[in-house]
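[1] Predicted model, plus sequence, below.
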Amino acid sequence: MDYATNPTDGIRIAYRVTTPPAGAEGSTAAAGSATPIVLVHGTALSQAIWRGFGYLKALSPGRPVITVDLRGHGRSDKPHADHSYAMPLFVGDVLAVLDALGLERAHYLGYSLGARVGFSLAAEAPGRVASFTSVAGAPGTGVGVFDRVFFPGSIAALERGGMPAFLADWEQASGNAVDPMTRAAFLANDGAALAAYMRETERQPRVPDAAIAAFPMPVLLVAGSRDRPRLEAAHHVAGLLPGAELRIVEGANHADTPRHPEVLPLVETFLARHP
């Protein structure tokens, strides 16, 4: 694990670079010099999801893969102040990683929160983004988003009892047990930091339509048919960007989308068209 420091506020961001070992099956001589791709996780998750979902194994033979823990998540610093989670700071975290690696440009794929950061990154620093893939993402959220994604009172549960209370209330509200991989990822979080992130996120403005319409990079939008808010957002963005590719994953909800068996092949095909 390596670390980059956001120069704005000194927060340390954990990241890892995965490349295929020399002579590995499927690797090519050009893989090390190919444009890298940055993979960024969703709320309360970490860079570990990309190994679990198979993205590292599939993508690293063709190019370096950079996985990042956003602030407040994984092994990155976890400040407790709401203002530490303003969107420009998240964008600065990604840029700090690129700068630490000496990279002028990279492909970018984000899931949920990671995609929301990607929309802002593409608007604020379009020259640093070779292509942008949004998986179950949107250019903004709004008040009550976490109550809709998880359960009513989700932030209050974090403030009351941290991650154990959050998971217990989530299971009670859904009527289903949280799967072991998700449970382990959520329990690794700092409840106070996650609550601060959620509160600030609901205050942040969305990326303006005019900024999205000016995106110069290739864009892939992936949304599940049962993830209605992100599906509507993907259709909206596709209307602003006639050249964007929109792919709808039938039967997938918000949590299903990044690990659905159709999604990774879509990403590989997209990258092959935009090397």
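    Thanks, I have it.
[2] Can you give me the neighbour number for residue 173?
    By other Cβ atoms under 10 Å, the residues close to residue 173 number 15. Glycine gets a C-beta too; all of them are placed from N, C-alpha and C.
[3] hang on, isn't it packed against residue 149?
    No: checked against Cβ atoms under 8 Å, the pair residue 173 and residue 149 is beyond contact range at 11.5 Å.
[4] What is the burial count for residue 62?
    Summarising burial for residue 62: neighbours were counted as other Cβ under 10 Å, giving 20.
[5] State the distance from it to residue 272.
    Using Cβ to Cβ, to the nearest Å, we find residue 62 at a distance of 8 Å from residue 272.
[6] ok, residue 92 - contacts?
    If you count contacts by Cβ atoms under 8 Å, 6 or more residues apart in numbering, residue 92 has them with 6, 7, 8.
[7] ok, now which ones touch residue 78?
    For residue 78, the contacting residues are 71, 72, 190, 193, by Cβ under 8 Å, 6+ apart.
[8] change it to 10 Å
    By Cβ atoms under 10 Å, 6 or more residues apart in numbering, the contact set of residue 78 is 11, 69, 71-72, 84, 189-194, 196-197.
[9] Take the residues you listed and keep only those in strands.
    Taking DSSP state E, every one of these sits outside strands.
[10] right, and the pair among those with maximum separation?
    11 and 191 (18.3 Å; Cβ to Cβ).
[11] Any idea how many residues pack against the residue nearest to residue 48 when sequence neighbours are not counted?
    Leaving aside its chain neighbours, residue 48 sits nearest to residue 185 (6.7 Å; criterion: Cβ to Cβ, 6 or more residues apart in numbering). By other Cβ under 10 Å, 21 other residues sit near residue 185.
[12] Kindly report the same for residue 99.
    If you count neighbours by other Cβ under 10 Å, residue 99 ends up with 15.
[13] for residue 101, same thing?
    Residue 101 has 16 neighbouring residues, counting by other Cβ under 10 Å.
[14] Was I right to think it contacts residue 19?
    No: the pair residue 101 / residue 19 is not scored as a contact, 11.9 Å apart, by Cβ atoms under 10 Å.
[15] what residues do the two have in common as contacts?
    36, 64.
[16] Point to the residue nearest the middle of the protein.
    Closest to where the C-alpha atoms of the chain average out (Cα atoms, centre = their mean) is residue 114, at 2.0 Å.
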